[in-house]
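**Student:** Quick one: sequence and predicted model below, then my questions.
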Amino acid sequence: MATKILVSQPKPQTEKSPYFEVAQKYNLDLVFHPFFRIEPMSAKDFRQQKVSIPGHTAIIFTSRHAIDHFFNLCKELRVTIPDDMKYFCVSEQVSLYIQKYVQYRKRKNFFPETGRLADLLPIMVKHSNEYYFAPQSSAHNDDMKNMLDGAGLKHDEAVMYYTVANDFSPEEAFDYSMLVFFSPEGINSLFKNFPNFEQKGVKVACLGTKTVKAAEAAGLHVDYQPTPELRSVPAIIEAFAKTL
């Protein structure tokens, strides 16, 4: 019988994905099931937060989801984004995604080389005269607010999209040998669906420091996370498969 592994993200669109190569090589049953989904917020719900986007001179983006829902909601609100708006992004990948909605200008886009939010702060401090706006998920914490407050930067945050747990069907067998998480929301969704979940011999892999911390805070033992030798999830899964 193939070893079952739950990967909490959408199934790759191409059959040439490294995931499938590893699965075939080691006779693995990879089940792709996102632990959460992203849903848009209505203009009506946004207005209830009583936060005005006009007047801000810089936007902080921590994900492509934030970019999509920010620009889509602005369109629904009939808010025009000025051409001189500055964008401070957690990574170059997120920064480049902005060109889906506006012309990309390097002098208006800023990001750290590390892809870490903490390393974006010094860049923002160099632009301390900006009035920052941070679109957030309904599942956000206060890390962003506390960071900006600590730096003395003028800012507002507002929820612009919802992060909703994806429920598992009651008849679905949760008999996995390994669980792979990509965000703290995935950890939260696991225990929402299975409040009495016990790890026992199940291996857990996590991507990102926050995901690891969330797993450990929930009482899980994290067996795998990216290292210089294991740079990708397929590589992590292969390392686990070799122990079987």
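**Tutor:** Structure received.

**Student:** When you work out contacts or count neighbours from here on, use the C-alpha atoms and nothing else.
**Tutor:** Will do.

**Student:** ok, now how distant is P54 from Y131?
**Tutor:** 10 Å (C-alpha to C-alpha, to the nearest Å).

**Student:** what about the two, which has more around it?
**Tutor:** Y131 (15 against 11; other C-alpha atoms under 10 Å).

**Student:** Check the contact between the more buried one and K154; I expect there is one.
**Tutor:** Yes - because the distance of 5.2 Å satisfies C-alpha atoms under 8 Å, Y131 is recorded as touching K154.

**Student:** Buried residues in stretch 49-60, which are they?
**Tutor:** 53, 56-60 (16 or more other C-alpha atoms under 10 Å).

**Student:** How far away from the center of its chain is the helix or strand encompassing A118?
**Tutor:** Following DSSP states H and E, one finds A118 within helix 117-125. Distance of helix 117-125 from its chain centroid, counting by C-alpha atoms, centre = their mean, to the nearest Å, is 18 Å.

**Student:** for it, what is the average pLDDT?
**Tutor:** In this model, helix 117-125 carries a mean pLDDT of 93.

**Student:** So which elements touch that helix?
**Tutor:** strand 86-89, helix 143-151 (3 or more C-alpha pairs under 8 Å, 6 or more residues apart in numbering; DSSP states H and E).

**Student:** Show the subsequent helix or strand relative to that helix.
**Tutor:** Next helix or strand after helix 117-125 toward the C-terminus (DSSP H and E): strand 131-137.

**Student:** can I get the CA coordinates of that following strand in PDB?
**Tutor:** Provided in PDB are the C-alpha atoms of strand 131-137 (Å, rounded to 0.1, in the frame of the first residue of the first chain):
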ATOM      1  CA  TYR A 131       1.800  57.300   5.300                       C
ATOM      2  CA  TYR A 132       1.600  53.500   5.000                       C
ATOM      3  CA  PHE A 133      -1.400  51.300   4.400                       C
ATOM      4  CA  ALA A 134      -1.300  47.500   5.000                       C
ATOM      5  CA  PRO A 135      -4.100  45.300   3.500                       C
ATOM      6  CA  GLN A 136      -4.500  42.200   5.700                       C
ATOM      7  CA  SER A 137      -6.200  38.900   5.900                       C
END
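
**Student:** neighbouring contacts of it?
**Tutor:** 53, 55-61, 66, 70, 153-163 (C-alpha atoms under 8 Å, 6 or more residues apart in numbering).

**Student:** Okay, now the sheet partners of that strand, with direction.
**Tutor:** Strand pairing for strand 131-137, using DSSP bridges, gives strand 58-61 (parallel), strand 154-165 (parallel).

**Student:** Tell me which residues of that strand come out buried.
**Tutor:** Under the neighbour-count criterion of 16+ other C-alpha under 10 Å, strand 131-137 has 132-137 buried.

**Student:** again with stretch 97-115
**Tutor:** Of the residues in stretch 97-115, 98, 109-112, 115 count as buried by neighbour count, 16+ other C-alpha under 10 Å.

**Student:** which non-adjacent residue is nearest the most centrally placed residue in the chain?
**Tutor:** Nearest to the geometric centre of the chain sits S183, at 5.8 Å (C-alpha atoms, centre = their mean). In space, S183 comes closest to T211 once its chain neighbours are excluded; the distance is 4.9 Å by C-alpha to C-alpha, 6 or more residues apart in numbering.

**Student:** So which elements touch the helix or strand that neighbour falls within?
**Tutor:** Using DSSP H and E, T211 sits within helix 209-217. For helix 209-217, the packing partners by 3+ C-alpha pairs under 8 Å, 6+ apart come out as helix 184-193.
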